[in-house]
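Asker: Provided below are the primary sequence and the corresponding predicted coordinates.
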Amino acid sequence: MKKNKLAALRRSTGLLFFLLFFLSFADFSGIMPEWLIRAPGYLQFIPSFLKFFHGPSLIAAGFLIILLLSFLYGRVYCSWICPLGILQDLMGRLKRIKKKKTIHYRPLPTYKTLKYSVLGLVILLLFSEFIRPLPFTDPYSLFGRIIHQIIFPALLLANNYVSGVLAGFEIYYLKPYPVAGFHWTSFGFSVIFFVLLVFLTHTMGRVYCTAWCPVGTVLGWVSRFSLFQIHISSDRCTTCGLCAKTCKAGCIDYKNKSVDFERCVACFNCLNACPSGGIYFQKKSLTFSVIPDFKPSRRQHLWLITAGTGGIIITSKVALASELHKAMVPSPKYHPVFPPGAQRLDRFNAICTACHLCVSACPTRVLRPSFLEYGLKGLFQPMMDYHASFCNYECTRCGEVCPTGAITRLPIKQKKIIQLGVAAFQKLNCVVFTEETACGACSEHCPTKAVHMVPFKKGLLIPEVNEKICIGCGACEYACPTLPHKAIYVKAHPLHLEAFKPEEERLDKEAIPEEFPF
Amino acid sequence: MERRNFIKNLTLGALVGSLAAKIPGAIASPAPAGSKPIAGAPDLVAVKGGEPAFMFDKAIEALGGLKNFVKRGQKVVVKPNIGWDVPPERAANTHPELIGHIVKRCLEAGAAEVFVFDNTCDNWLKCYSNSGIEEAVKKAGGKMVPGNEERYYKPVNVPGRVLKNTSVHELILNCDVFINVPVLKHHSSADVSIAMKNLMGIIWDRRWWHRNNLHQCIADFAGFRKPDLNIIDAYRVMMKNGPRGVSEADVKIMKSLIVSTDIVAADAAATKLLGNEPSQIAHIRLAHEMKIGTMDLASLNIQRITV
């Protein structure tokens, strides 16, 4: 029998996508070029969807391609492109290698109520001010956090350890990279989720994708109408059940010779499992019309999805319109400084799925995962930690890699005048005031000299802030040596503003001394 | 079982090894301080009007050649200022051409190895590359060494008034020759940033100094391990907004170079170039009082060269 090449093609495509995503999230050295991080992210369903609805353009239309693919061939996304799906397949493969035998999967229930409830809840919560559902449900972000929280630090620490051992022999070839602080909440969540995923994969195959994942549910629903589907031939099928044993999604009911294509993750393993060629992937015949087996429950689902999608479109349009007219009263409530290019706190909280790609990519490690700093609605989203580091003046890396557009891409010129907040000076904490000795660490680090030194007493100089040219990069806060509290800190804006450019008073360039002054 | 045991032993070994490395051993003692003055050579050489590499050669020639400082087979550390992620035109870091040239000359003089590092303020990888120094050093055959990890820094005792102990980069403690190559610039904390201030890039905890009388700490540490040579790059000089600077508008082109084995004298002369009085700069005055060197330029044999 001729072998079907689809499964092999799926494996190589999936592996390629997986490697790209893995490297993007695990790269602690910043060696991955921007385009190589962005390109595969284009096809990520939820990030692309969010990007599109906050600024429709072809550059953000990757999710439409996924929808089209699903309409043609079913949930190709789930086994070919989705990193979380491919991760589960790899775990299954690992189990197979370990056990040294083929794993037999069992048919699974449809979990219709569960998956449509999850999807409904996600859609409803998408616009809630209370909690955002995407950090818990977007497969791309869940995958990203697993790699960022578990693999990234492991690789980084191993690199730095080896680098340190080599340095003992005065070999400095391997560079040590900055290590970020440990944030147990983000780490804990990802570890628990990962363990859960390992357990589910080992016991029930791709059940996460067929019973929980909202992207899977949406694409599955589209797949009902796919032009190409998997069918079981009533003539050739011998009801041996071999196909069902290879089905990770557990969607083949071989006894009734039917495939629930809505749950099929398009791995195409079944095509090669059949000894009699009784299962095949081909264009749907006209007899497979949708209308005849239309059931009330389906209609309900249809309604739910349509209304949900419509809701998203309308609400995002309304949100977009109201963005321009909402009175921007600065919040008296403390919230963290959020990255340059994120524009507004509520906009950022709404679009960011907490995938942590920017946290991985940030060269100074000033970006770290938050916990409750933004409130529940910003759980795990990145924030600027000015006690750990500060934002590099010349860097726009976070906006370059962000797949959802939560952090927009800024030209470097513009980034240098985006005001994330302003420095506030606490004189009572300052060394110059308390010790009456010289210090100006804050002003040293200030890239615009918004923090500058003015005469104090006894010939000493003390910091002063020019808020107009302050960009809130946090260099002053980071550098301030006082303990336990800093004498200068950045007060975050809820809406990023534009700072003035520092004034330049040009000196005579060429000034070779006529005679040495000594 | 054998494999498991092997892994067990390996892990245990690695653990013990890494713990052992953590135990602070005997506190490192300061290496021999500074080179002895060469008979007949000037105390300080000031050169102006040329390119950095050429001015360096002239100055070293006046001091009797680099062979007086670097011997065959010696391990040399060249310490520029690479504190900031800015290009050379901004004059926040030492001129890359000068550093590359010094590395080259040291290797020609027979140095076994030449190491270059700084404990930078901005992200070290960006500083090393954007300053142009990494490229220049590698081209010249030197080795760029990271200075951003605490484990490179070993605890030492310092014979100071305020500063009694600190942690110093192991290469400084292990090298035969230490060449200090700061860039001359204005500084918001220390008034000026020259040779003594540049030594803040070979220690780990700068914040402690900032909290505990910065000027005194700088003067105290200048006596710990005097550089064998201080070469002050005053080719481009940041006159204001130091030490980072805001733009090229802060920079004057002076095309000058000051070389001395006396770190205080070198700082005093460079301070004058910046238009300040050495006695007005607290750390220079303190170091003079502590007899680490002299800021009394009139008492010195200064050779002035115009090229």
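Answerer: Looks like it came in fine.
Asker: tell me the SS of the closest residue in space to residue A:338 that isn't next to it in sequence?
Answerer: In space, and not counting its chain neighbours, residue A:338 is closest to residue A:348: 5.2 Å by C-beta to C-beta, 6 or more residues apart in numbering or on different chains. For the C-beta atoms, the positions are set from N, CA and C on the backbone; glycine is no exception. With DSSP: H, G, I helix; E, B strand; the rest coil as the basis, residue A:348 sits in helix.
Asker: show the pLDDT at residue A:348.
Answerer: pLDDT for residue A:348: 94.
Asker: worst-scoring helix or strand of the chain, pLDDT-wise?
Answerer: Let's take chain A. Lowest on mean pLDDT, DSSP states H and E among the helices and strands of chain A sits helix A:296-323, with a mean of 50.
Asker: is the helix or strand containing residue B:271 up against chain A anywhere?
Answerer: Taking DSSP states H and E as the definition, residue B:271 sits inside helix B:263-273. Yes: interface with chain A: helix B:263-273 contributes B:268, B:269, B:272, B:273 (C-beta under 8 Å from any C-beta of the partner chain).
Asker: run a quick neighbour tally on the second one.
Answerer: Okay, so that is residue B:269. Residue B:269 has 29 neighbouring residues, counting by other C-beta atoms under 10 Å in any protein chain shown.
Asker: that one reaches residue B:297, doesn't it?
Answerer: Yes: Residue B:269 lies in contact with residue B:297 (C-beta atoms under 8 Å); the separation is 6.0 Å.
Asker: where do the contact lists of these two overlap?
Answerer: Residues touching both residue B:269 and residue B:297 (C-beta atoms under 8 Å, 6 or more residues apart in numbering or on different chains): A:518, B:44.
Asker: mind checking how far residue A:111 is from chain B?
Answerer: 41 Å (C-beta to the nearest C-beta, to the nearest Å).
Asker: residues touching that residue, list them.
Answerer: Per C-beta under 8 Å, 6+ apart, neighbours of residue A:111: A:207, A:210, A:211.
Asker: the helix or strand containing residue B:154: how far from the chain's middle?
Answerer: Element membership for residue B:154 (DSSP H and E) is strand B:153-157. Its chain's C-alpha centre lies 17 Å from the corresponding centre of strand B:153-157 when counted by C-alpha atoms, centre = their mean, to the nearest Å.
Asker: avg pLDDT for it?
Answerer: 96.
Asker: and the next helix or strand after it, anywhere near chain A?
Answerer: Later in the chain than strand B:153-157, the nearest helix or strand by DSSP H and E is strand B:165-169. No: Strand B:165-169 stays clear of chain A (C-beta under 8 Å from any C-beta), getting no nearer than 10.6 Å.
Asker: in strand B:165-169, what counts as buried?
Answerer: Neighbour counts over strand B:165-169 (16 or more other C-beta atoms under 10 Å in any protein chain shown) mark B:166, B:167, B:168, B:169 as buried.
Asker: again, but for stretch A:91-110
Answerer: So for stretch A:91-110, counting by 16+ other C-beta under 10 Å, buried means A:91, A:92, A:105, A:107, A:108.
Asker: okay, that stretch in PDB with CA atoms only?
Answerer: Extracted as PDB, the C-alpha positions of stretch A:91-110 are listed here (Å, rounded to 0.1, in the frame of the first residue of the first chain):
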ATOM      1  CA  MET A  91       5.900  14.400  24.800                       C
ATOM      2  CA  GLY A  92       3.900  11.500  23.300                       C
ATOM      3  CA  ARG A  93       6.900  10.500  21.200                       C
ATOM      4  CA  LEU A  94       9.100  10.600  24.200                       C
ATOM      5  CA  LYS A  95       6.800   8.300  26.000                       C
ATOM      6  CA  ARG A  96       6.900   6.000  23.000                       C
ATOM      7  CA  ILE A  97      10.700   6.000  22.900                       C
ATOM      8  CA  LYS A  98      10.800   5.300  26.700                       C
ATOM      9  CA  LYS A  99       8.300   2.500  26.600                       C
ATOM     10  CA  LYS A 100       9.800   1.200  23.400                       C
ATOM     11  CA  LYS A 101       6.400   0.400  22.000                       C
ATOM     12  CA  THR A 102       3.600   2.100  20.200                       C
ATOM     13  CA  ILE A 103       1.100   3.900  22.400                       C
ATOM     14  CA  HIS A 104      -2.500   3.000  22.000                       C
ATOM     15  CA  TYR A 105      -4.900   5.800  22.300                       C
ATOM     16  CA  ARG A 106      -8.500   5.400  23.300                       C
ATOM     17  CA  PRO A 107     -11.500   7.200  21.900                       C
ATOM     18  CA  LEU A 108     -12.500  10.100  24.000                       C
ATOM     19  CA  PRO A 109     -15.900  11.800  24.700                       C
ATOM     20  CA  THR A 110     -16.600  15.000  22.900                       C
END
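Asker: list the contacts of it.
Answerer: So stretch A:91-110 is in contact with A:197-198, A:201-202, A:204-205, A:207, A:210-211, A:244-253, A:260, A:262-263, going by C-beta under 8 Å, 6+ apart.
Asker: so which of those residues sit within helices?
Answerer: A:197, A:198, A:201, A:202, A:204, A:207, A:210, A:211, A:244, A:245, A:246 (DSSP state H).
Asker: pull out the buried residues from the contacts of stretch A:91-110.
Answerer: A:197, A:201, A:204-205, A:207, A:210-211, A:244-252, A:260, A:262-263.
Asker: could you pull out the helices for the stretch 401-518 of chain A?
Answerer: In the stretch 401-518 of chain A, the segments counted as helices under DSSP state H, counting those that start in this stretch are A:412-415, A:431-434, A:441-445, A:475-479.
Asker: can you tell which of the ones you listed is closest to chain B?
Answerer: helix A:441-445 (3.9 Å; C-beta to the nearest C-beta).
Asker: what is the closest one packed up against?
Answerer: When contacts are defined as 3 or more C-beta pairs under 8 Å, 6 or more residues apart in numbering or on different chains; DSSP states H and E, helix A:441-445 sits against strand A:451-455, helix A:475-479, helix B:206-211.
Asker: so which elements touch the first one?
Answerer: Taking 3+ C-beta pairs under 8 Å, 6+ apart as contact, the helices and strands that strand A:451-455 lies on are helix A:441-445, strand A:461-465.
Asker: buried ones in that strand?
Answerer: A:451, A:452, A:453.
Asker: how about the residues you listed in a markdown table, adding distance to residue B:263 and pLDDT?
Answerer: As requested, the buried residues of strand A:451-455 are exported to a markdown table (distance: C-beta to C-beta, whole Å; pLDDT from 0 to 100):
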| residue | distance to residue B:263 | pLDDT |
| --- | --- | --- |
| A:451 | 30 | 97 |
| A:452 | 29 | 97 |
| A:453 | 25 | 97 |
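Asker: from those, which is closest to chain B?
Answerer: Sorting the buried residues of strand A:451-455 by how near they are to chain B, with C-beta to the nearest C-beta, puts residue A:453 at the top with 5.0 Å.
Asker: the closest one contacts residue A:441, doesn't it?
Answerer: No: Residue A:453 is beyond contact range of residue A:441, at 10.9 Å (criterion: C-beta under 8 Å).
Asker: give me the nearest residue to residue A:49, chain neighbours excluded.
Answerer: Nearest to residue A:49 is residue A:63, by C-beta to C-beta, 6+ apart, at 4.3 Å.
Asker: which positions within the helix or strand where that neighbour lies qualify as buried?
Answerer: Using DSSP H and E, residue A:63 sits within helix A:62-73. Residues A:62, A:63, A:66, A:67, A:69, A:70, A:71, A:73 are the ones in helix A:62-73 that count as buried (16+ other C-beta under 10 Å).
Asker: per-residue pLDDT, the closest residue to the fifth one other than its chain neighbours?
Answerer: Setting aside the residues directly before and after it, residue A:69 is nearest to residue A:76 in space (C-beta to C-beta, 6+ apart), at 5.0 Å. The confidence metric pLDDT takes the value 95 at residue A:76.
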